[in-house]
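Novice: give me coordinates for this.
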Amino acid sequence: MSAVPKVAAILVVGLLLAVGSTDNRVNSPPRDLVAVRPVAPLPGMVSPAGSLGRTLARSSEPATAHAAASQNWWNLTTNVTGTPGNESWYASTYDPLANLVVYFGGRNGTGASNYTWVYFPSGRWLNVTSPGPSVRAVGMMAWDPSEQDVVLFGGFYQGTFFSDTWVWEWTGTAGVWRQLSVVGPEGRYGSLMVTDPALNGVLLYGGCIPGSCGTDDTWLFSNDSWYALSPVGPTPGDLHFIQGAFDPVNNRVVLFGGCVGDFGCLSVTNATWVFQDGNWTQLSFASLGATPSARAADMVFWDGGTDSVDVYGGFGTGQVPLYNDTWQLTNATWTQLSPADDPGIAANDTVTWVPSLGIDLFLLGESQVNVYPGATWALASPLSVSPTVVPARVPTGSPVELRSGPGGGVPPFIVDWLNLSGGPSSSWDANTSFTDPGNYSEPVVVRDLVGESVQKTVVVVAYSSITVSVAPAVASTDVGASLQFAGVFSALNQSVAVSWNWGDGTGTLGAAVASHTYIAPGLYTGHFYVNATDGPRANASFNVTVVPAPTVQAHASTTATYTEMAVSFSALGAGGHPPYAYSWSFGDGTTSSVENISHAFTSLGTFTVVLSLKDAVNGTASTTLSVTVSAAPTSSSGGGSSLNALDWALVAALAGVVVVLLVVVLWRRRPPPATSPSAPAPGKA
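Specialist: As a prediction, the model looks like this:
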């Protein structure tokens, strides 16, 4: 065996257990590496220099196109309170119910532990160790969605491959461990164990078991029970020192890398596998593009900030070299990132997505062989601020909420509102109000846990309350008469739209002064509306009485006349709203506004006389009549006569009267009759 493989095997042995193994079988992790740690740098190493965690040579990767630094690593070590110390090879997961990250066990240069630590979103570490699992390292932990608790399985310490299953719950002030009496997988360590919401449980694959370091069995833990799965088709093979993450976008578990075969990790892979619908599938290298180099003990984790499965660090064949590169798998494409900083070379730690903070939390346990910085790092996008105002436009005197809207960065945040009317505020979201209309600029400064700061300004528009009136507020009109209204309003610092509802089922938009004509009599109630673009509205009402339209009659003393003979005309109006205004048009080019008038036509013909009426509300009516005009009679000449038949009839009548009168007179003047001699009376002689 060459020197490099020998050293590689020794390094993996040492990484595996400074936890005090006394079992020297080939398939059990050997003793602590401390006694055989080389003094001189090994191939792939450089002498200690530079900052902590960068004493090993970076891997030599082929040239690839790197993504823009949308994500960056941030060192939180000096910004957080408390620390788990220099533990490595620990187990961790996120507890969404308690909103904290749980860490258990691990090893350092002096041995292993059974400590339980939690990380709070406030940036505080707390040791919450309580009776529970025994001392161990390289155990596996995940959140169980079926029972809503944290599950710990397996691990290794002093020759023991643990097969016990524990659950942990946060009470609000402390953590409580509870061991389950279940039959499950054989004791192991270095396995993939990840939450799988698609199966409503926890997926377990591979790892080192007694007698064989590298297995290919697949298990599901759900409802406090273990189930052996039987995938159809190929599996990732006999792997250990593997990690994976659930991809909620594609609803699958992603596994990358791992040691192939037995102890020593003399062969590593860069295959990408997914577990979905109960089966394993290897993603094609052709579709993946540039792929991370083969490695094991790499940190594989979900990054909700970019909706990707990320890979960080790990080691190559025989632990040479160790890596500090960051990769992202989006759908089926790998992309290498170029963050401005990183935690340095690392392997066999864990990175945990914390959705409430929007970061991936990383406890850097071991940065090189038996060097334990115990540093806290986070992968996050750059700090940004998107402040908003609710509502963006507000009436004077009404409350408005200013929301800082930080994004990216590393929470918790410190927020400073600099220019509030009531003075500066450090509340994440602030409330204020304004007494006068106007546009108010409100700057906000947000600082995150690592001291990054961003300032943005929002503008609040304060406006006065809308006041509305309408004139006339009470009106009376005729059917068919146009009635004009004027809406008056005050809406300082607002954009408004106006409209009318006339009360008869019709309306008018967009004009503060508008006219309307009612087509039926009745009593109507209308409204003038003023609506601001952001919602506030006001209105004023008005009442209208509508009566029937006016009518008019025209009378003439005669409709047949002579030229120059005066004809008497009279007007009679009714209905509508008196008083009336009359207008005569005689059809001969002359007019008059006198109600009763005499008019003589000067020309012959038939004339249409038009009488128009307008009442007090501009209601109108009209009527017509025809007048025939003839030539006036004249004396006869040349034996002829200019008398018409009517004239001759009159003359004949007068002549008849004269004749009758003469007969009467003559009769009365006749002489008395002659007297004859009277005869003697009888009896006389």
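
Novice: for the stretch 501-650 of the chain, give me the ranges with low pLDDT.
Specialist: Counting by pLDDT under 70, the stretch 501-650 of the chain shows low-confidence ranges at 534-535, 635-649.

Novice: show me the helices in it, by range?
Specialist: Listed in chain order, the helices of the stretch 501-650 of the chain (DSSP state H, counting those that start in this stretch) span residues 645-668.

Novice: output the below-cut-off pLDDT ranges for the stretch 251-400 of the chain.
Specialist: Low-confidence segments of the stretch 251-400 of the chain, defined by pLDDT under 70, span residues 366-372.

Novice: what are the ranges of the helices in it?
Specialist: Ranges of helices within the stretch 251-400 of the chain are 285-288, based on DSSP H, counting those that start in this stretch.

Novice: run through the bridge partners of T628.
Specialist: Here T628 sits in beta bridges with A560, T606, as judged by DSSP bridges.

Novice: for it, list the residues it contacts.
Specialist: With contacts defined as C-beta atoms under 8 Å, 6 or more residues apart in numbering, the neighbours of T628 are 559-561, 605-607. C-beta coordinates here come from the backbone N, C-alpha and C atoms, glycine included.

Novice: just give me the closest of those residues to R136.
Specialist: Proximity of these to R136 was ranked by C-beta to C-beta; the top entry is F607 with 124.2 Å.

Novice: surely that closest one and V627 touch.
Specialist: Yes - at 5.0 Å, F607 and V627 qualify as touching, with contact defined as C-beta atoms under 8 Å.

Novice: pick out whichever of the contacts of T628 sits closest to S482.
Specialist: F607 (31.7 Å).

Novice: what is the nearest of the contacts of T628 to S453?
Specialist: Taking the contacts of T628 together and measuring to S453 by C-beta to C-beta, the closest member is F607, at 95.3 Å.

Novice: about what we covered before: of all pairs in the contacts of T628, which one spans the longest distance?
Specialist: T559 and G605 (12.9 Å).

Novice: neighbour-wise, which of F607 and V627 wins?
Specialist: For F607 against V627, the residue with the higher neighbour count under other C-beta atoms under 10 Å is V627, and the figures read 21 against 18.

Novice: residues contacting the more buried one?
Specialist: 556, 558-561, 567, 587, 601, 606-607, 609.

Novice: go again with 10 Å.
Specialist: Applying C-beta atoms under 10 Å, 6 or more residues apart in numbering to V627 gives the contacts 556, 558-561, 567, 569, 586-588, 599, 601, 605-609.

Novice: returning to what we had before: ChimeraX command for the buried members of the contacts of T628?
Specialist: Of the contacts of T628, the buried ones can be selected in ChimeraX as follows, counting by 16 or more other C-beta atoms under 10 Å:
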select :561,607
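
Novice: can you put the contacts of T628 in TSV and add distance to T333?
Specialist: Compiled in TSV, the contacts of T628 are given as follows (distance: C-beta to C-beta, whole Å):
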residue	distance to T333
T559	102
A560	107
T561	107
G605	100
T606	99
F607	98
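
Novice: one step back: need the residues touching each of T559 and G605.
Specialist: 627-629.

Novice: what would the residues you listed look like in CSV with distance to G211?
Specialist: Putting the shared contacts of T559 and G605 into CSV (distance: C-beta to C-beta, whole Å) gives the following:
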residue, distance to G211
V627, 134
T628, 136
V629, 138
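
Novice: list the contacts for Y440?
Specialist: The neighbours of Y440, taking C-beta under 10 Å, 6+ apart as the test, are 389, 394, 400, 419-421, 432, 434, 458-462.

Novice: next one, pLDDT for it please.
Specialist: We note a pLDDT of 90 for Y440 in this prediction.

Novice: so it is in which element?
Specialist: Assigning secondary structure by DSSP states H and E places Y440 in strand 438-447.

Novice: for G589, give me its contacts.
Specialist: S603.

Novice: quick check: A271 touching V254?
Specialist: No - taking contact to mean C-beta atoms under 10 Å, the distance of 11.2 Å between A271 and V254 leaves them out of contact.

Novice: what sits in contact with each of F607 and V627?
Specialist: 559, 586-588, 599, 601.

Novice: more neighbours, A271 and V254?
Specialist: V254 (26 against 18).

Novice: bridging residues for the more buried one?
Specialist: A245, V274.

Novice: what residues are up against it?
Specialist: Going by C-beta under 10 Å, 6+ apart, V254 touches 192, 194, 243-247, 272-276, 283, 300-302, 308-311, 329.

Novice: distance of it from N348?
Specialist: V254 sits 18 Å away from N348 when distances are taken as C-beta to C-beta, to the nearest Å.

Novice: same thing with C265?
Specialist: When distance is defined by C-beta to C-beta, C265 is 11 Å away from N348.

Novice: what sits against the residue lying closest to S583 once chain neighbours are set aside?
Specialist: Distance criterion C-beta to C-beta, 6 or more residues apart in numbering; nearest residue to S583, sequence neighbours excluded, is S612 at 4.3 Å. Each residue near S612 by C-beta under 10 Å, 6+ apart is listed here: 552, 554, 571, 581-585, 591, 593, 620-624.

Novice: wait, which of those is closest to T78?
Specialist: Here the nearest of the contacts of S612 to T78, counting by C-beta to C-beta, is T620; it sits at 91.4 Å.

Novice: now the closest one, nearest residue through space, not along the chain?
Specialist: Take T620 and drop its neighbours on the chain: the residue closest to it by C-beta to C-beta, 6+ apart is K614, 5.2 Å away.

Novice: same thing with G207?
Specialist: For G207, ignoring the flanking residues on the chain, the nearest one in space by C-beta to C-beta, 6+ apart is S191 at 3.0 Å.

Novice: pretty sure F586 sits against V594.
Specialist: No - using C-beta under 10 Å, F586 is not in contact with V594; the gap is 12.0 Å.

Novice: pull up the overlap in contacts between the two.
Specialist: Shared contacts of F586 and V594, counting by C-beta under 10 Å, 6+ apart, come down to F569.

Novice: ok, those two, which is more surrounded?
Specialist: F586 (20 against 12).

Novice: before we move on, back to that, need the shared contacts of F607 and V627 in CSV (columns: distance to N79).
Specialist: What follows is the shared contacts of F607 and V627, written out as CSV (distance: C-beta to C-beta, whole Å):
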residue, distance to N79
T559, 111
F586, 104
G587, 103
D588, 106
H599, 107
F601, 111
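
Novice: between these, which is nearest P145?
Specialist: Looking across the shared contacts of F607 and V627 and measuring by C-beta to C-beta, the closest to P145 is G587, at 98.6 Å.

Novice: which ones are touching the closest residue to that closest one other than its chain neighbours?
Specialist: Residue nearest to G587 in three dimensions, not counting chain neighbours: F607, with 3.7 Å by C-beta to C-beta, 6+ apart. Taking C-beta under 10 Å, 6+ apart as the contact definition, F607 lies against 559, 585-588, 599, 601, 625-629.

Novice: extract the C-alpha set from stretch 334-354 and format it as PDB.
Specialist: Extracted in PDB, the C-alpha atoms of stretch 334-354 (Å, rounded to 0.1, in the frame of the first residue of the first chain):
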ATOM      1  CA  TRP A 334     -25.300  22.100 -10.200                       C
ATOM      2  CA  THR A 335     -23.800  25.600  -9.900                       C
ATOM      3  CA  GLN A 336     -20.700  26.500  -7.900                       C
ATOM      4  CA  LEU A 337     -21.000  29.700  -5.800                       C
ATOM      5  CA  SER A 338     -18.300  32.200  -5.200                       C
ATOM      6  CA  PRO A 339     -19.200  33.600  -1.700                       C
ATOM      7  CA  ALA A 340     -17.000  36.500  -0.400                       C
ATOM      8  CA  ASP A 341     -16.200  34.400   2.700                       C
ATOM      9  CA  ASP A 342     -16.600  30.800   3.900                       C
ATOM     10  CA  PRO A 343     -16.100  28.800   7.100                       C
ATOM     11  CA  GLY A 344     -13.000  27.100   5.700                       C
ATOM     12  CA  ILE A 345     -12.400  23.400   5.200                       C
ATOM     13  CA  ALA A 346     -14.800  21.200   7.100                       C
ATOM     14  CA  ALA A 347     -16.300  17.700   7.100                       C
ATOM     15  CA  ASN A 348     -18.900  15.700   8.900                       C
ATOM     16  CA  ASP A 349     -20.700  18.600  10.500                       C
ATOM     17  CA  THR A 350     -24.200  19.600   9.700                       C
ATOM     18  CA  VAL A 351     -25.800  22.700   8.200                       C
ATOM     19  CA  THR A 352     -29.500  23.300   9.100                       C
ATOM     20  CA  TRP A 353     -32.000  25.400   7.200                       C
ATOM     21  CA  VAL A 354     -33.900  27.700   9.700                       C
END
